[in-house]
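got a structure for you, letters missing:
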């Protein structure tokens, strides 16, 4: 098994297979199902989230196949018919898939991935769709919050050592770049996705040498073009910065080189960066950057900025890569319709918790933009056979407080989803991670600042078309739900 690519086809909950087997051995075998992935709440009570993970979902769907060892294991469970196991042995993915492109700003309740296909196949995709999109969207959203708090100063992702496993480190770093980080310390992510690898040194480097000066001097001699020294192993003000300046003078200056910077990883960061900036400037190194790390998040960075900390770049690790403040994205995968002999039958899930009542039918999410400002006005979810005509006034309304209505004019309506697979064939061209990150920055920019607040953000409206609202209302009424 060494160096063999891991086949993730069996990364699923058992019930996906038992339900598929049940359908296969029933008269529903040929039914077509529609499933939507959506999420119910923005993490950290934020105003919006960032879509990420589509590339990895595509990679998974393109490589769906059951190996002989998979079939042998499933056979040993004594749960599945021989005919179903033979179906899996010759499995061929042939669903249609639509998705919101990575980097897009997304909101609760709107479909971000939609699957149409044989009910058996659509059922078996649940776990991988959720684990892929949930994880990367969570990290991209957290990264974007941190990047916005830095107010234009570069943020580097430093979290690989604290991630929840190697996959979380690898793909979490990718998602962080989508969210706006300028580089990652995770070398394999940088290599595979063509992004900047960033890093300095650890305290162990300094401790390995007889003294701090020798450690700095050796590093500067080895890396004169990228010399960034970690100055807080012993004492930032009394030894770290003086020794760094001495090495800059004695090693780099004679070579005609300039230091890249220093990094501070502990202590009162605001105070230390102010003192460090003064000492470096006085020594003639006003171009020497100050990088800080040490369990940072958006709130700590925002406080430092407001207190006038002299920081040029941030290295953010554990609280980004684990989304420590709220480590669950909460996306779900729900049946929305069944198609039988060309007839589409809407389906709805009902709960005493009204937030868990789903939106029935085949749907399309739209975003409305103001033609003059370019800013997003609202999102609207329509039924699949509806179109929003930008040349005509369009009435939007609050789906809960329905008397709150507004007629929108001078706007542009764009569908949020794109076709990704057509009967199992990939029809979507994946952009690079750098292109996705640039697209994400553009998407965030179309939101009003009030939506981007960290505390009590303005609610961005996700409305329903009148036809969709009526369908949902009628289905609930028929089931005596008010």
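Now that the structure is in, tell me what you want to look at. Small disclaimer: the values here were computed from a predicted structure and weren't measured. Numbers count the residues shown, from 1 in each chain.

okay, now residue 459: neighbour count?
Residues contacting residue 459 under the criterion other CB atoms under 10 Å number 11. Heads up, the C-betas are built off the backbone N, CA and C, glycines and all.

how about the nearest residue to it, chain neighbours excluded?
In space, not counting the residues next to it along the chain, residue 459 is nearest to residue 47; the distance is 7.7 Å by CB to CB, 6 or more residues apart in numbering.

Would you confirm that that neighbour contacts residue 453?
Yes. Counting by CB atoms under 8 Å, a contact exists between residue 47 and residue 453, whose distance comes to 6.5 Å.

of the two, who's got more company?
Ranked by neighbour count (other CB under 10 Å), residue 47 and residue 453 place residue 47 first, with 22 against 12.

Help me confirm that residue 378 is found in a strand?
Yes. Using DSSP: H, G, I helix; E, B strand; the rest coil, the secondary structure at residue 378 is a strand.

returning to that earlier point: state the pLDDT value of the residue nearest to residue 459.
At residue 47, the pLDDT value in this model is 98.

now it: how far from residue 331?
When distances are taken as CB to CB, to the nearest Å, residue 47 and residue 331 turn out to be 18 Å apart.

Please go through this protein and pick out the longest strand.
Within the chain, and with DSSP state E defining each element, the longest strand by residue count is strand 331-340.

What pairs with it, parallel or antiparallel?
When pairs are called by DSSP bridges, strand 331-340 turns out to pair with strand 32-39 (antiparallel), strand 343-346 (antiparallel).

Would you convert those into CSV that also reports distance to residue 169, mean neighbour count and mean pLDDT?
Output for those, formatted as CSV (distance: least, CB to CB, whole Å; neighbours: other CB atoms under 10 Å; pLDDT from 0 to 100):
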stretch, distance to residue 169, mean neighbour count, mean pLDDT
strand 32-39, 23, 24, 98
strand 343-346, 41, 14, 95
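
can you tell me which of those comes nearest to residue 203?
Comparison of these against residue 203 by CB to CB identifies strand 32-39 as nearest, at 39.4 Å.

after the closest one comes which helix or strand?
If you walk from strand 32-39 toward the C-terminus, the next helix or strand you reach (DSSP states H and E) is strand 49-50.

List the neighbouring strands of that next one plus their orientation.
Sheet neighbours of strand 49-50, with direction, are listed as strand 105-106 (antiparallel) (DSSP bridges).

before we move on, the earlier item: so which residues make contact with the longest strand of the chain?
Under the criterion CB atoms under 8 Å, 6 or more residues apart in numbering, residues 31-40, 111-112, 116, 119, 125-126, 129-130, 133-134, 137, 344-347, 349, 358-363 lie in contact with strand 331-340.

ok, back up a step: which residues touch the residue nearest to residue 459?
When contacts are counted by CB under 8 Å, 6+ apart, residue 47 is found next to 447, 450-453, 457-460.

Let me know the secondary structure of the residue nearest the centre of the chain.
If you average the C-alpha coordinates of the chain and look for the closest C-alpha using CA atoms, centre = their mean, you land on residue 137, 2.3 Å from that point. For residue 137, the secondary-structure state derived from three-state DSSP is helix.

I'd assumed residue 329 was in contact with it.
Yes. Residue 137 lies in contact with residue 329 (CB under 8 Å); the separation is 5.5 Å.

Report the set of residues contacting both of these two.
In contact with both residue 137 and residue 329: 39, 49, using CB under 8 Å, 6+ apart.

which residues does the closest residue to residue 312 other than its chain neighbours bridge with?
Counting by CB to CB, 6+ apart, the nearest residue to residue 312 once its immediate chain neighbours are dropped is residue 289, at 4.0 Å. Using DSSP bridges, the bridge partners assigned to residue 289 are residue 261.

What number of neighbouring residues does residue 289 come out with?
When neighbours are counted by other CB under 10 Å, residue 289 registers 17.

which ones are touching it?
For residue 289, the contacting residues are 228, 260-262, 312-313, taking CB under 8 Å, 6+ apart as the criterion.

Mind checking what secondary structure the residue of the chain most remote from its centre has?
Distance from the C-alpha centroid of the chain, by CA atoms, centre = their mean, peaks at residue 254 (45.8 Å). Reducing the assignment to helix, strand or coil with three-state DSSP, the entry for residue 254 is helix.

what do you get for residue 407?
Reduced to three states by three-state DSSP, residue 407 is strand.

can you pull the contacts of it?
Contacts here follow CB under 8 Å, 6+ apart; on that basis residue 407 touches 393-395.

Just the pLDDT for it.
Spelled out, the predicted local distance difference test score at residue 407 is 97.

So what sits opposite it in the bridge?
residue 395.

just to revisit the earlier point, can you lay out the contacts of residue 47 as JSON lines showing pLDDT, secondary structure and distance to residue 78?
Putting these into JSON lines (pLDDT from 0 to 100; DSSP: H, G, I helix; E, B strand; the rest coil; distance: CB to CB, whole Å) gives the following:
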{"residue": "447", "pLDDT": "98", "secondary structure": "coil", "distance to residue 78": "53"}
{"residue": "450", "pLDDT": "97", "secondary structure": "helix", "distance to residue 78": "58"}
{"residue": "451", "pLDDT": "98", "secondary structure": "helix", "distance to residue 78": "53"}
{"residue": "452", "pLDDT": "98", "secondary structure": "helix", "distance to residue 78": "54"}
{"residue": "453", "pLDDT": "97", "secondary structure": "coil", "distance to residue 78": "56"}
{"residue": "457", "pLDDT": "97", "secondary structure": "coil", "distance to residue 78": "52"}
{"residue": "458", "pLDDT": "96", "secondary structure": "coil", "distance to residue 78": "56"}
{"residue": "459", "pLDDT": "95", "secondary structure": "coil", "distance to residue 78": "51"}
{"residue": "460", "pLDDT": "97", "secondary structure": "coil", "distance to residue 78": "50"}
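
Can you tell me which of those residues lies closest to residue 93?
residue 460 (34.7 Å).

That closest one and residue 49, how far apart?
Summarising the geometry, the distance separating residue 460 from residue 49, computed by CB to CB, is 11 Å.

intersection of neighbour lists for the two?
Taking CB under 8 Å, 6+ apart as the contact criterion, the common neighbours of residue 460 and residue 49 are residue 107.

Between these two, point out the one with more neighbours.
In terms of neighbours (other CB under 10 Å), residue 49 is the more surrounded of residue 460 and residue 49; the figures are 26 against 20.

and that one, what is it in contact with?
For residue 49, the contacting residues are 39, 42-43, 105-107, 137, 140-141, 329, by CB under 8 Å, 6+ apart.

now it, which residues is it bridged with?
Those that pair with residue 49 in a beta bridge, by DSSP bridges, are residue 106.

Would you map the strands across the stretch 51-200 of the chain?
Under the criterion DSSP state E, counting those that start in this stretch, the stretch 51-200 of the chain contains strands at 96-99, 105-106, 113-118, 155-157, 183-184.

Count residues in the vicinity of residue 290, would you?
21.

if we can go back for a sec, just the buried ones among the contacts of residue 49, please.
For the contacts of residue 49, burial is judged from neighbour counts taken by 16 or more other CB atoms under 10 Å, and it is met by 39, 42-43, 105-107, 137, 140-141, 329.
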